[in-house]
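> here are the coordinates; sequence isn't available:
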């Protein structure tokens, strides 16, 4: 296992370096940020001073090697837009995103596994049809629309929860609920499909023939074997959330890393873009390691 | 309900109590974006200005809609000649950190705007092309000199936010200290900014004691926050969200939308072609449909409240036949009117800008113009809008929205129309002379010269296609007695807010 983790770490580090190099040059292709930061009436002298202060007047290759030297010391530079260390802004935002992802994925995983397993037990039954109907709606409805409707109904009309923002437990309800819907629908369908396949296998039929009750058949024998593809999808969905739930963060005013990254791309705040990509890439790498370990725990045949 | 369930319900109820209503003397203001910084010398940016300007940091003078230039930190001022103005400052003014305000703070603040360690928006926007120097001549008197001389120097001083001379000269401040009626308490990045009223402010005690600023980029959410009672003021909401006449105010927002013509390149170098472009646009058809009701047809670069605005000018009527006739006349004289004209629009510039530009180009095509619309993001748009202009792409028309809430055309006319103006699509020596003369004049003469200059640009040169003076929408909680004005685009003085 240690050897496996070492190899994964090396492979991930190589990928990370490639990603940083690629993003550095691609982001510069979008152009000089000077015109975005200065008023349109700013003089040529002001523009030249801005470029000099922010190191934008050097050749691109010089800028790259300077950045590479800094990043080795984990110095990601200062945000042009915010005037603070880029990594500070990213870590602060990432903490919000991480909590949002952890809470949402915990709820999604528990609910989707429970409902998906029960739906698969009687395929075509009333519960299965209802679960499938709502999961398909959830998986296909746009986040933006759901979020706005939820605010109008639950905040403005009924006044049950705050429209947006942070500060209390209640502020988390709408963002988590909106984020919950899509991965819930998707994972439920995967659980259901995997369980249908598992429940029709020979060992389940044997268990039934021996008089084992439904609950242990579903939750003890079948579910564990049906979980491998489910974990893969959960990993994908969690990775998407770690990259930032941009729409939900934007609408609900959650200061997460997705919104920070999009704002920074639009504002050509290169240091923040690169720091955000670095942090989320490391997080996703760690999560993938965790998923690999989970595979081994669930299926004793898998050994690294 | 079980005791455990009751406890959970009680905790949840307790956590909800805070989000619906604010205290009687507190307000919550929801802005459209998180502030990138809270530096007073960046307060000419709309949202930074709404927090900082005249709340935390004050200026020597203040432009008040309907009243003109008024004293603020300076009680009076006089022209000493030779480009020098003497300002008599208020005595017994202190900063929120307790230090006394004196002329040295003004000297420091002026110098800081030209720092070589960072670029201040106010310095770059208002003090370009001039050398400003200051000299302390008494305990509460200061001479400020401009080279070249600026007759509107007192007006320029309505943009200079004053910091204490102890502030960091080499970097943006994180916790601004000012002489204003409010203390900047804290900035919780990504969440909120909090201000509280000072007990020792030199002016009268404001009614609003505390203010919290939060940030939501979605207009629908900002409007919903006021509707739900979570916020009191939501500036800059979209037309489609301004649905409640009881809370939604529309007001001229000091923005003018126009199409900048490249008058140096054929066929736009022919005045008949430029007249045809003006006549081919049915400007009124946009108002109340894809633009807000109350939007005014424009005949000049600045809003009608600006001094020297020429109220006698009438917008070009929509006359498609006359436009076609002018084009044919130009064609007969050898003007290449079939040349493709690139029209550059700026994405997200104002609500429904893409639809507006598509309709506009369709109107020009109906008149016989060969136009090709490209909507581009801000940075790319800037390359078309500001000099050095993009070359090798033929004639270009650039859509732009210009903001002048400062009451004087000088903040617009040089940049937009002088030969050396950074965004000027014309170069006319007579116009340069007119701008220079109006800039140097004062009083009624200044007003008259600006009126003449507006007429010359509009009637004689037909330099641009002026479209509209825009309106903005702000939603205000019904518990407040507050009327947004043209200044709400750039500042939001908490001391002007009362409760009903």
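Now that the structure is in, tell me what you want to look at. This structure is a prediction, so every number in the text was calculated from the model and none was measured.

> and the residue of the stretch 401-500 of chain B found nearest chain A, how close does it get to residue A:120?
Going by Cβ to the nearest Cβ, chain A is nearest to residue B:415 of the stretch 401-500 of chain B, at 4.8 Å. In this view, the C-beta of every residue, glycine as well, is placed from N, C-alpha and C. According to Cβ to Cβ, to the nearest Å, residue B:415 stands 68 Å off from residue A:120.

> residues near the residue of the stretch 401-500 of chain B closest to chain A, how many?
23 (other Cβ atoms under 10 Å in any protein chain shown).

> could you point out which element follows the helix or strand that it is a member of?
Taking DSSP states H and E as the criterion, residue B:415 maps to helix B:410-417. Downstream of helix B:410-417, the first helix or strand assigned by DSSP H and E is helix B:429-440.

> after that next one, which helix or strand is next?
Criterion used, DSSP H and E; the element after helix B:429-440 is helix B:443-455.

> next, give phi and psi for residue B:498.
Residue B:498 adopts backbone torsions of phi -120, psi 160, taken as degrees, to the nearest 10.

> quick one, what contacts it?
Residues in contact with residue B:498, defined by Cβ atoms under 8 Å, 6 or more residues apart in numbering or on different chains, are B:207, B:480, B:481, B:482.

> which one of these is nearest to residue B:324?
Nearest to residue B:324 among these: residue B:482, at 49.6 Å, using Cβ to Cβ.

> look up how far residue B:398 lies from residue B:376.
From residue B:376 over to residue B:398 (counting by Cβ to Cβ), the distance is 10 Å.

> hey, what's in contact with both of those two?
Joint contacts of residue B:376 and residue B:398 (Cβ under 8 Å, 6+ apart) are B:344, B:384.

> and residue B:418, how far from residue B:387?
For residue B:418, the distance to residue B:387 - Cβ to Cβ - is 11 Å.

> cool, and residue A:15?
Taking Cβ to Cβ, one finds residue A:15 at 43 Å from residue B:387.

> related to what we said a few turns ago, which helices and strands sit right next to the helix holding residue B:415?
Helix B:410-417 sits against helix B:429-440, with contacts defined as 3 or more Cβ pairs under 8 Å, 6 or more residues apart in numbering or on different chains; DSSP states H and E.

> where in the chain is pLDDT low?
Because you didn't say which chain, this covers chain A. Applying pLDDT under 70 to chain A picks out residues A:41, A:244, A:304.

> I was thinking of chain B, sorry if that wasn't clear
Confidence mapping of chain B against pLDDT under 70 gives the ranges B:1-22, B:129.

> which residue would be the closest one in it to chain A?
residue B:190 (2.5 Å).

> domain ranges for the chain, per the record?
Just so you know, I chose chain A. Domain assignment for chain A by automatic domain parsing gives A:2-72, A:93-298.

> sorry, I should have been clearer: chain B.
Residue ranges for the domains of chain B, per automatic domain parsing: B:18-34+B:181-247+B:477-500, B:57-179, B:252-472.

> let's have these in JSON lines, adding distance to residue A:51.
Converted to JSON lines, these look like this (distance: least, Cβ to Cβ, whole Å):
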{"stretch": "domain B:18-34+B:181-247+B:477-500", "distance to residue A:51": "24"}
{"stretch": "domain B:57-179", "distance to residue A:51": "10"}
{"stretch": "domain B:252-472", "distance to residue A:51": "14"}
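
> to residue B:49, which of the ones you listed lies closest?
Nearest of the domains of chain B (Cβ to Cβ): domain B:18-34+B:181-247+B:477-500, 4.7 Å.

> can you classify residue A:234 by secondary structure?
Following DSSP: H, G, I helix; E, B strand; the rest coil, residue A:234 is assigned to helix.
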